[in-house]
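Undergrad: Got a predicted structure here, sequence first:
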Amino acid sequence: MIQRRSFITLLGGAAAWPLAAHAQQRPMPVIVYLSARTADSDASMLVSVRRGLADVGYAEGRNVAIEYRFTDGRYDRVSGQLTDLTQRKVGVIVFAGAFVGELVQQVRASPIPIVLITGTDPVRLGLVASMNRPGGNVTGVFTLLSELSGKRLGLLHDLGPKAATIAALFDPVITESARTQLRDARDATAALGQKLLVLEARTADEIDAQFASFDREPADAMLVGQSPLFLTQARQIVALAARHRIPAIYTRREFAEAGGLMSYGYNFAEGYRDLGRYAGRILNGEKPADLPIIQPTKFELVINLKSAKAINFEFPPLVRALANEVIE
């Protein structure tokens, strides 16, 4: 009897071995973070993505693997990266970049769920059916970055009501976003009785050239539009604005932190945390089609007093009172 029981115990243990081995060998789900920017420019945002994943029970290296891909401001490389990823078995793609060329069609056709963050209306782009029910393989965050040019120009007007010419730096490669920003900027400057000087830059060299044009046609203030390229070149742009002693407003706080005069826009730390949460929820079985596009309800004005002092500029009391954060 003892021998029979031992045999049964041994048999039961042997039957369990393949299951245990299978559980140990089962690979962790993979999230791919694909960005049109650089590892340096996205470092703080990746911290937020990981925090969002932790909110829904995921920790990198413990129960989820994250693969990072950056195209260093080269939009032409994003399409190839996306093509490569859709041929692999990854759980979710977290996409942080601008939509140019065939990217909209690629994203919509992807067999892999995509969680994205975009400054351009995803319904207008054709990425989702509606904000509340995206209805396909795409969901994420709509930051409204492209929609706030008018508000930023209003803040510039508060800085210098007598400013006659406003320069606006746009990236024409991100066509839909640039079109929205330019439309709002034209409407705002026309309403304020100002002249809009449109500057376009697709590369770092073109950014240098556009700032050099101020020697021929000066401007009283400057709006720097939303663009992944501009974020990767934030220090270059901020330094050029200081050199030309031109008050400038930017779309993201990273510019003010890098020495820019002021920024107005969405707090991206929360937005990227939302990306992480959504990626984790999809790994847990939820469908992108049922996860509403997240839209911000709060925006922040960040001003840099040290940068203002460097160009002998003084913020009006009204603008200082409106600031959510003051860098000194």
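TA: Done, it's in. Residues are numbered from 1 along each chain as shown.

Undergrad: from here on, contacts and neighbour counts on C-alpha atoms
TA: Noted.

Undergrad: right, and Pro276 touches Gly57 too?
TA: Just to correct that, residue 276 is Gly rather than Pro. No. Gly276 lies out of contact with Gly57 (Cα atoms under 8 Å); the separation is 10.6 Å.

Undergrad: quick one: which of these two has more around it?
TA: Set Gly276 next to Gly57 and count neighbours by other Cα atoms under 10 Å: Gly276 wins out with 28 against 14.

Undergrad: So what's the gap between the helix or strand where the more buried one lies and the chain middle?
TA: Using DSSP states H and E, Gly276 maps to helix 268-283. Here helix 268-283 is found 12 Å from its chain centre; the criterion is Cα atoms, centre = their mean, to the nearest Å.

Undergrad: got the contact list for that helix?
TA: Contact partners of helix 268-283, identified using Cα atoms under 8 Å, 6 or more residues apart in numbering, comprise 29, 31, 44-46, 48-58, 91-94, 113, 115-117, 140-141, 143, 252, 288, 291.

Undergrad: From these, which land in helices?
TA: Among these, the subset assigned to helices under DSSP state H consists of Ser44, Met45, Leu46, Ser48, Val49, Arg50, Arg51, Gly52, Leu53, Ala54, Asp55.

Undergrad: and the second one, how many neighbours?
TA: Spelled out, it's Met45. 18.

Undergrad: Could I get the contacting residues of it?
TA: Contacts of Met45 by Cα under 8 Å, 6+ apart are Phe268, Ala269, Tyr272.

Undergrad: Show me the shaky parts of the stretch 51-200 of the chain.
TA: Low-confidence segments of the stretch 51-200 of the chain (pLDDT under 70): none present.

Undergrad: all strands of it, in order?
TA: 65-70, 92-96, 114-118, 138-142, 165-170, 195-200 (DSSP state E, counting those that start in this stretch).

Undergrad: With Phe230 as the reference, measure out to Phe95.
TA: 18 Å (Cα to Cα, to the nearest Å).

Undergrad: Which residues does stretch 182-191 contact?
TA: The contact list for stretch 182-191, computed with Cα under 8 Å, 6+ apart, reads Glu147, Leu148, Ser149, Gly150, Leu153, Gly154, Ile166, Ala168, Phe170, Lys195, Leu196.

Undergrad: With stretch 80-94 instead?
TA: So stretch 80-94 is in contact with 29-34, 106, 110-116, 275, 279, 282-283, going by Cα under 8 Å, 6+ apart.

Undergrad: okay, that stretch in CSV with CA atoms only?
TA: The C-alpha coordinates for stretch 80-94 follow below in CSV (Å, rounded to 0.1, in the frame of the first residue of the first chain):
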residue,chain,number,x,y,z
GLY,A,80,9.3,51.7,-41.1
GLN,A,81,9.4,51.1,-37.4
LEU,A,82,5.6,50.7,-37.3
THR,A,83,5.7,48.2,-40.2
ASP,A,84,8.3,46.2,-38.4
LEU,A,85,6.4,46.1,-35.1
THR,A,86,3.1,45.0,-36.7
GLN,A,87,4.8,41.9,-38.0
ARG,A,88,5.8,40.9,-34.4
LYS,A,89,3.7,39.6,-31.5
VAL,A,90,3.8,42.4,-29.1
GLY,A,91,0.9,43.2,-26.7
VAL,A,92,0.6,47.0,-27.1
ILE,A,93,2.3,49.8,-29.0
VAL,A,94,2.5,53.1,-27.1
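
Undergrad: No more questions from me, cheers.
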